[in-house]
Every structure is written in structure tokens, then in C-alpha cells.
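Trainee: Sequence first, predicted coordinates after that:
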Amino acid sequence: MAVVFFRRWRLFSDAAFKTPKVGQTCWLVQKCYCTSSGTESTSTVASARPNVVSERHGSVVAVAINRPQVRNAVDQETARRLLEELKAFDSDDQLSVAVLHGQGGNFCAGYDLKELANHTAALKLEQDVTKSPGPMGPSRLQLSKPLIAAVSGYAVAGGLELALLADLRVVEESAVMGVFCRRFGVPLIDGGTVRLPRLIGLSRALDLILTGRPVGAQEALAFGLANRVVPDGQGLQVALELAEQISSFPQLCLRGDRASAIYSSYDATSFSQALQYEFDHGVPVVQSEAVAGAARFSSGAGRGGKFA
């Protein structure tokens, strides 16, 4: 009887992880987000490959969470590797844009709650938020260059917080986002309560934070949580194409404007202070890039709004 009950429970639990329809509530997800597939144990599968892999595409780097057997849930080692990869990207002068994604059909199902449940004593968290790492790894970084998240499958709990770290989110049609950790008393301590209200407004953010409900791609687009919605299987490719487009622009100007927008949203204490920051950081770019750009325009480049 116990065996029959376990099999029925597992089938129901796995079914609960299927993408719910927009507006449909998905109440039961396995607590640890960590069901291994096939006959191999999770530890055996994990030891056979690195938790994080990266691949360069010219001036763009794709960074992937590589724990598909647990829907890319992040443990301490994965968090450390993610932080290393994104810090390396930010310090590499040959790279302009990074794309963060997950291998095997899911972006990230949050922190590995199995590790949290079984290894609480070994879990060491940096208390000073001005220092790295955050529990999910790179969540405390303030990158100087753009990061794009290619979201497929589940981007929930800490996985949602990683997606919020990105400047832009390319979301596949069947993807699901949400604060799924609401049901288990796991707090958002990787910037979720800070970034989400800034991106979509306090009212909508509280809707997601308080209910933990799943959000489909189209609702995420309407909220401003998703920047692009693309067919399933095309998220990474579209994100890479978007990254290549962004990397083709004059970078000093682009990064300066990006930094000013972020400063005005998070750090400026007044409108005039934000304007001053914009001006002070924009003026040096006039000589370094704008004069040359104006000359190109005068010679006929970019007429009619063309980007080529």
C-alpha cells in the first residue's frame, strides 16, 4: 500500500510541475524541486558534468545553469560558479553582453531546498549585502554591462530572482514565473522584493509576492516582467541575437546610459541628482564616441532610422 501511495503521489507531484495555463493555479510542486530522472541517482548525474557552463559567441557569452536533473535548482557550488562566471564576464574587455539560461528546458527552479533541508549547518551566508555572494550567487552584483535572461520552463523562487538580475528577459511561451517558495516559508533574500517592485510596480509585485501564484509568459509581458515572448525552444537563440545587436552599438555610450537609468531608479535621492549624474557621465562620451557617430550620420549612415 505504501508503494502504491508513493507512486500515485509522485505522479501527482510531477504533473503539478507541468506548465499551468495562464490564470490556472498550480498548488503542488515537489518541495525540493529535485526529482531525478531515469535510474541514475542525482549525485551520480551531478558529478558527471559541471554545474555551470559558458560558451563565447564573439563579444557575447552564454552562461548556463547545468543541473537539469533538478530543474536547474541552485546549490552552494552552483551559486559560487555562477558568481565566478558573471564576475569574469564583467571584467573581460572582450565581452559586451552576457546571456543567462538553463540547460534542459528550465531556467531555474530556485534554491535547492533539498540541500537547505539536509545541510542547514553547512549553509554559510554572507551577512553584508555589499559583499558577494548572495545565496543564489550573483544576485548582489551590480554589473557594468548588460545581462539578458533566456527564460524557459520554470523561473521560480530564487530562479525568478536570478531572472530579475538581468536587464532584459526573453521568455518562451510555455515558461512559468512566480514566487513558488511562498508555500514553504522560504524568503526572497536575493533581491526579489527590491527589483520586482521597481520593474512592475508595487501593486503587481505584491500580487506575486503574497500569493506565490504562477505567471505565464503573456501576463509577464503585460506586466513588463518579460521583454520578449518567443516560441518554445527559441529563447536562447533570440536572446543571443538580441545580445549581438546590443554589442554592436558604441559601448561607452550604451553603458553610460544604462548606468544612469539604473542610478536614477535605485540610488538617486532626487530628480536633480539623477539629472546631474546623467549629465556628468554623458558629457565625456560626446568626445569619445558621439562626435565620430555624428560624422558617420553626416556621411549617410543610419538615415531613415536604419540600424544596419
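Mentor: That came through fine.
Trainee: element containing residue 56?
Mentor: strand 52-57 (DSSP states H and E).
Trainee: Please identify the buried residues of that strand?
Mentor: 52, 54 (16 or more other Cβ atoms under 10 Å). Any C-beta I mention is one placed from the backbone N, CA and C, and that applies to glycine too.
Trainee: What's the mean pLDDT across that strand?
Mentor: Here strand 52-57 scores 97 as its mean pLDDT.
Trainee: So what are the sheet partners of that strand and their directions?
Mentor: strand 60-65 (antiparallel) (DSSP bridges).
Trainee: downstream neighbour of the partner strand in the secondary structure list?
Mentor: Next along from strand 60-65, by DSSP H and E: helix 76-91.
Trainee: and for the helix or strand following that next one, what are the contacting residues?
Mentor: Remark: after helix 76-91, the chain's next helix or strand is strand 97-102, criterion DSSP H and E. Here strand 97-102 makes contact (Cβ atoms under 8 Å, 6 or more residues apart in numbering) with 59-65, 68, 72, 86, 89, 107-108, 143, 145-153, 159, 162, 165-166, 235-236, 239-240, 243-244, 246-247.
Trainee: Ok, stretch 51-59 next?
Mentor: Residues from elsewhere that reach stretch 51-59, judged by Cβ under 8 Å, 6+ apart: 61-67, 75, 77-78, 81-82, 84-85, 94-97, 103, 240, 243-244, 247.
Trainee: Now it - C-alpha only, PDB.
Mentor: Output of stretch 51-59 as PDB, limited to C-alpha atoms (Å, rounded to 0.1, in the frame of the first residue of the first chain):
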ATOM      1  CA  ASN A  51      27.100  22.800 -12.600                       C
ATOM      2  CA  VAL A  52      27.700  25.900 -14.800                       C
ATOM      3  CA  VAL A  53      28.900  26.100 -18.300                       C
ATOM      4  CA  SER A  54      29.800  29.000 -20.600                       C
ATOM      5  CA  GLU A  55      30.200  29.500 -24.300                       C
ATOM      6  CA  ARG A  56      31.600  32.500 -26.100                       C
ATOM      7  CA  HIS A  57      29.900  33.900 -29.300                       C
ATOM      8  CA  GLY A  58      32.300  36.700 -30.300                       C
ATOM      9  CA  SER A  59      31.600  39.600 -27.800                       C
END
